[in-house]
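>>> next one to model:
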Amino acid sequence: MFLLEDKRFYVYAYLDTKKQGKFKYENFVFNFEPFYIGKGKDNRFLSHIKDSENHNAPRHIRIRELKCQNLSPVVLIVKNYLNQNDAFELESSLIKLIGRLDKKQGPLLNCTDGGQGQVNRKFTDLHKQKISQTRLRKNIKHTKETLEKIRLKRTGQKLSLKSIENVKNAILKRDPETQKKFIFSRLGKKNNENQKKAAFGNLKEKNAKKWEINFKGQTLVITNLKKWCKINNVKYDSRKTNEFKLKELENKL
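Residues are numbered from 1 along each chain as shown. I've put the predicted structure just below:
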């Protein structure tokens with residue numbers, strides 16, 4: 001028995017009618033600038049127009065912007081009568097050829113590199129926030145397998161300055177009891193210097209007692225009296241109380 005190959009698939013493009021011209025990408029030429037490439041079958045190529053009222057993906061926002069100016073995108077079937085693998089391959093090739101806007105490589109609003117699965121997908125900050133809120137509302141927790149995948153992916157990665165700042169702010173917002181639990185949970189785990197500073201250095205400064213002294217006509221706030229004396233070559237007597245040492249120090253200065 002001979003089975004016919006399933007060739008119901010096609011690759012389509014959405015074109016921005018505000019940007020007219022000749023847009024050539026090797027053998028592919030468009031009369032308007034392309035802003036989205038997709039793959040589908042049946043009426044998939046029209047679904048984005050229908051979904052644009054209720055979704056906030058970059059392509060839907062662009063379609064709404066065109067509608068506000070009494071315009072509509074041009075929807076073009078680039079190639080049809082393809083099997084699924086060929087359609088995936090052509091979709092990926094076109095996205096790579098034209099370039100994604102979020103990667104600063106071209107005008108496409110695709111969030112992935114196409115093909116099977118969400119390859120190199122980049123989520124917007126709004127999308128990340130919605131995912132986080134949904135997980136909290138539904139009390140969704142990661143499985144052990146997912147947690148292990150996250151751990152393996154992050155192993156050896158260095159935190160960016162923005163991530164370090166976020167960690168610091170998150171710690172400082174916690175109540176003292178939660179801060180203690182966090183510190184004890186990290187005991188025995190190795191951190192790089194930036195992580196240590198973000199997690200513990202600023203926390204110590206926040207909870208440390210502050211001292212005010214007059215130095216060269218200026219009022220200084222000191223959190224570590226011993227360290228300050230050492231830096232400024234001032235004698236520090238550890239047998240005396242800090243209050244007594246502070247008065248003595250001001251007299252010397």
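>>> was I right to think residue 79 contacts residue 9?
No: the criterion here is Cβ atoms under 8 Å, and residue 79 misses it with residue 9 at 9.6 Å. C-betas here are computed from N, CA, C, even on glycine.
>>> give me the below-cutoff pLDDT ranges for this structure.
By pLDDT under 70, the weakly predicted segments of the chain are 1-5, 116-124, 126-128, 133, 135-140, 182-211, 213-217, 234-253.
>>> at which residues are the strands of the chain located?
For the chain, the strands defined by DSSP state E occupy 9-25, 28-41, 74-82, 211-215, 218-222.
>>> check those strands for me and report the most buried one.
Sort the strands of the chain by mean neighbour count, taking mean count of other Cβ atoms under 10 Å, and strand 28-41 sits at the top with a mean of 19.
>>> tilt between that strand and strand 9-25?
Going by axes from the mean of the first three to the mean of the last three Cα atoms, to 10 degrees, strand 28-41 is angled at 160 degrees with respect to strand 9-25.
>>> partner strands of strand 28-41, with direction?
Strand pairing for strand 28-41, determined by DSSP bridges: strand 9-25 (antiparallel).
>>> relative orientation of the partner strand and strand 74-82 in degrees?
130 degrees.
>>> sorry, back to before: list residues touching both of residue 79 and residue 9?
Between them, residue 79 and residue 9 share no contacting residue under Cβ atoms under 8 Å, 6 or more residues apart in numbering.
>>> could I get the strands of the chain as CSV with distance to residue 92?
Output for the strands of the chain, formatted as CSV (distance: least, Cβ to Cβ, whole Å):
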stretch, distance to residue 92
strand 9-25, 10
strand 28-41, 9
strand 74-82, 13
strand 211-215, 63
strand 218-222, 59
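>>> of all those strands, which lies closest to residue 232?
Taking Cβ to Cβ, strand 211-215 is the member of the strands of the chain nearest to residue 232, at 8.1 Å.
>>> could you measure from the nearest residue in space to residue 219 that is not next to it in sequence over to residue 149?
Leaving out its chain neighbours, the residue that sits closest to residue 219 by Cβ to Cβ, 6 or more residues apart in numbering is residue 212, at 5.8 Å. Distance, residue 212 to residue 149, by Cβ to Cβ, to the nearest Å: 51 Å.
>>> closest one to residue 130 among the strands of the chain?
For those, proximity to residue 130 was assessed by Cβ to Cβ; strand 28-41 is nearest, at 20.9 Å.
>>> what does that closest one contact?
Under Cβ under 8 Å, 6+ apart, the answer for strand 28-41 is 8-17, 19-24, 44-45, 47-48, 59, 62, 73-74, 76, 78, 87-88, 90-91, 94-95, 97-98, 107-110, 114.
>>> ok, now stretch 69-80?
With contacts defined as Cβ under 8 Å, 6+ apart, stretch 69-80 is touched by 9-18, 28, 30-32, 35, 37, 45-46, 49, 62-63, 66, 90, 94.
>>> doesn't residue 67 make contact with residue 17?
No: the criterion here is Cβ under 8 Å, and residue 17 misses it with residue 67 at 11.0 Å.
>>> mind jotting down where the helices sit in the stretch 51-200 of the chain?
Remark: helices assigned in the stretch 51-200 of the chain by DSSP state H, counting those that start in this stretch are 58-68, 84-98, 125-137, 144-154, 161-173, 176-185, 193-196.
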